[in-house]
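1. Structure for this input, please:
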Amino acid sequence: MGSNGASKEDRGLKNLWSLIGRTSAPAWGFGRPALAPPGFGTTAGIGRLAFLPRTGPQRGPGRLAEARPSDEPGISGQLGSLEVRLARDARELREAQRLRFRVFYEEMSALPNPVSALLRRDSDRFDRICDHLVVLDHDHRASLAIGAGPKVVGTYRMLRQEVADECFGFYTMNEFDISPLLACHREMRFLELGRSCVLASHRDKRTLELLWRGIHAYVRRHRIDVMIGCASLEGTRPAALAEPLSFLHHYASCPAGWEVRAQAERYVPMNILPKSKIDVKSALRSLPPLIKGYLRLGARFGDGAVIDRQFGTTDVFVLLRMSDIAERYVERFASSATGEAA
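-> Numbers count the residues shown, from 1 in each chain. You can find the predicted model right below:
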């Protein structure tokens, strides 16, 4: 894996990560489907993240699996009226899909297919096999109907590798060739994250923190080693995104042995500017808050971007190894992974 080279690179980037930590930006924010937190919490720069979970062959197309991880202990947390846990039934999944439609299609520029437009829900075949993390606000009802549950104000969907293998693979495979990565690290457990978003009225630190505490609990519960997905930059003209794309290429590329390339037929070069021409501070300011947040956690990025015309974005591959996450973040997410969040 080229450990000596990686160590030298990490030392060389020490000051850079320190600089990233000092840049001013909201500490939260989400985006369209697919590693996902262009602006954290703003529709102008909402980022995407594509990480998805597992379902066994027993999962029916019209309902959640009967043996849901949502019934597992430890994947829950609460902060005031907000609660984070896995969706427990089809109603909560539909509420998460309605939230995604509102953010991705109404706030942003995504183009819905006829079914999504009719139902006003963002859905695809992966929803049936994923676990859906939701943040519920118990001070607000999902509808005026009698017996309506608490309102879903945040969501993330997760796909474990064993589920993806049993079904039709990871969502990320549509854009990036991750087969060599998975083959090279067969001993590792991978998790794909995606379809992350938060209701505009709840885009604050509390909601984001609860989502990440939920993800942390899920990762610990299933002994996940690596998280993967697709992060998005708003816009479909790579030349207009030359600075942030070039920055990720030169300063935060995947380490040796962990490289991932965009699918050949969709590959868009990220190496647009030479490293000597990049203004690091300016490049950091131009990054979507979600991507900036992943950088703080220790994420690295793949080779080549992909244009997503449906969502009007330019996507990059994100790799986040659990071993690379700074201890202070692990302690922060674990401090109240269950029970009352402090």
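2. Which parts of the stretch 151-300 of the chain are strands?
-> Ranges of strands in the stretch 151-300 of the chain, per DSSP state E, counting those that start in this stretch, are 176-177, 190-198, 226-234, 261-262, 300-301.
3. Redo those strands as TSV? Include distance to residue 330, mean neighbour count and mean pLDDT.
-> For every residue, glycine as well, the C-beta is placed using N, CA and C. Shown next, in TSV, are the strands of the stretch 151-300 of the chain (distance: least, C-beta to C-beta, whole Å; neighbours: other C-beta atoms under 10 Å; pLDDT from 0 to 100):
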stretch	distance to residue 330	mean neighbour count	mean pLDDT
strand 176-177	27	24	98
strand 190-198	16	29	93
strand 226-234	13	28	94
strand 261-262	30	20	98
strand 300-301	18	23	98
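4. so which of the ones you listed comes closest to residue 293?
-> When the strands of the stretch 151-300 of the chain are compared by C-beta to C-beta, strand 226-234 sits nearest residue 293, at 9.8 Å.
5. residues touching residue 262, list them.
-> Residue 262 makes contact with 175-177, 268, 302-306, 317 under the criterion C-beta atoms under 8 Å, 6 or more residues apart in numbering.
6. close enough to count as contact, residue 92 and residue 134?
-> Yes. Using C-beta atoms under 8 Å, residue 92 makes contact with residue 134 at a distance of 6.0 Å.
7. can you tell me which of the strands of the stretch 151-300 of the chain comes nearest to residue 169?
-> Among these, strand 190-198 sits nearest to residue 169 (C-beta to C-beta), with 9.5 Å.
8. quick one: the closest one to chain centroid distance?
-> Offset of strand 190-198 from its chain centre (C-alpha atoms, centre = their mean, to the nearest Å): 4 Å.
9. Next, the angle from it to strand 226-234.
-> Counting by axes from the mean of the first three to the mean of the last three C-alpha atoms, to 10 degrees, strand 190-198 lies at 40 degrees to strand 226-234.
10. what's strand 190-198 packed up against?
-> Judged by 3 or more C-beta pairs under 8 Å, 6 or more residues apart in numbering; DSSP states H and E, strand 190-198 is in contact with helix 90-101, strand 150-160, helix 161-166, helix 205-221, strand 226-234.
11. The same query, at a cut-off of 10 Å, please.
-> Using 3 or more C-beta pairs under 10 Å, 6 or more residues apart in numbering; DSSP states H and E, the elements in contact with strand 190-198 are helix 90-101, strand 131-141, strand 150-160, helix 161-166, helix 205-221, strand 226-234, strand 313-321.
12. Dump these to CSV, plus distance to residue 113.
-> Putting the helices and strands packed on strand 190-198 into CSV (distance: least, C-beta to C-beta, whole Å) gives the following:
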stretch, distance to residue 113
helix 90-101, 11
strand 131-141, 20
strand 150-160, 18
helix 161-166, 23
helix 205-221, 27
strand 226-234, 19
strand 313-321, 17
